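Novice: sequence unknown, structure follows:
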Ligand code: DC
């Protein structure tokens, strides 16, 4: 069992990828974006955000110890639902209203501190997949596998538009695109830079609904920049770690240094082909 960190921009398919992988591997999926959304929903419900969007940080700070977020597997959907103090808020936190308020909430230091502490607690036992912005850098810097996912603002807006309309919500593409661009602006840009740097070898890009992996350093088969089906590669990576078979093995730092070979540094992680698999 390892810890898998998936960082990147919102609405580019990283949570779908994480959920599918968790189901397949029997890992626990922790959606950290849902946690920041839940805090936002809590603040909205308790009148801590005024009509201009101003947050009453004093009241929110005082209430932080009373905000407990958990995830429960839903056998009907095959995915975990988000709970806020025991109430299922899975749908309530996905509205455009919550999306519009979440970025400033997620930039508050005391909110981040509380959420990171809850995430570390949940991930203590390993066998977890977390997705967010700061997982491979702050929450679990020793995660054995770190992945960075991104896509253009238009592709991400389209994904969110499709999600909302599939649920029967009224959605306007321009409004959503604006929300995506605005959140990119407010979300801490340095997080993305750091997260991307923590992952030297792999970049996952959502393109027209397909999540593709672009090897940055040519450690996977295929030239840098050439797309490979994302889920397959990640599955391969995880299996490689545990079974040491297939085209790519993911091994821990010390082990790979001992083994030598054509390892490429991937943050704290080394990626290489197993001997004889060329
Ligand atoms: O991925 P998402 O759209 O559900 O994320 C919601 C918000 O939470 C987004 O504005 C960025 C923020 N976020 C964060 O700051 N750190 C994380 N680890 C995850 C999300």
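Specialist: On my side now, so go ahead. Predicted, not measured: the structure shown is a model, and the values here were computed from it. Numbers count the residues shown, from 1 in each chain.
Novice: Just the mean pLDDT for the strand or helix carrying residue 161, thanks.
Specialist: Assigned by DSSP states H and E, residue 161 belongs to helix 153-166. Across helix 153-166, pLDDT averages out at 85.
Novice: likewise stretch 32-41?
Specialist: Here stretch 32-41 scores 96 as its mean pLDDT.
Novice: Identify each buried residue in it, please.
Specialist: Applying a neighbour-count criterion of 16 or more other Cβ atoms under 10 Å, one finds 32-41 buried in stretch 32-41. Glycine gets a C-beta too; all of them are placed from N, C-alpha and C.
Novice: how about the helices in the stretch 101-250 of the chain?
Specialist: With DSSP state H, counting those that start in this stretch as the criterion, the stretch 101-250 of the chain has helices at 109-122, 153-166, 173-186, 189-198, 230-243.
Novice: Could you tell me the least trusted of the ones you listed?
Specialist: Ranked by mean pLDDT, those end with helix 230-243 in last place, scoring a mean of 48.
Novice: circling back to that earlier point, could you dump the buried residues of stretch 32-41 into JSON lines and include secondary structure and distance to residue 101?
Specialist: Shown next, in JSON lines, are the buried residues of stretch 32-41 (DSSP: H, G, I helix; E, B strand; the rest coil; distance: Cβ to Cβ, whole Å):
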{"residue": "32", "secondary structure": "helix", "distance to residue 101": "17"}
{"residue": "33", "secondary structure": "helix", "distance to residue 101": "13"}
{"residue": "34", "secondary structure": "helix", "distance to residue 101": "14"}
{"residue": "35", "secondary structure": "helix", "distance to residue 101": "15"}
{"residue": "36", "secondary structure": "helix", "distance to residue 101": "10"}
{"residue": "37", "secondary structure": "helix", "distance to residue 101": "9"}
{"residue": "38", "secondary structure": "helix", "distance to residue 101": "12"}
{"residue": "39", "secondary structure": "helix", "distance to residue 101": "10"}
{"residue": "40", "secondary structure": "helix", "distance to residue 101": "5"}
{"residue": "41", "secondary structure": "helix", "distance to residue 101": "9"}
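Novice: Fine by me, we can end here.
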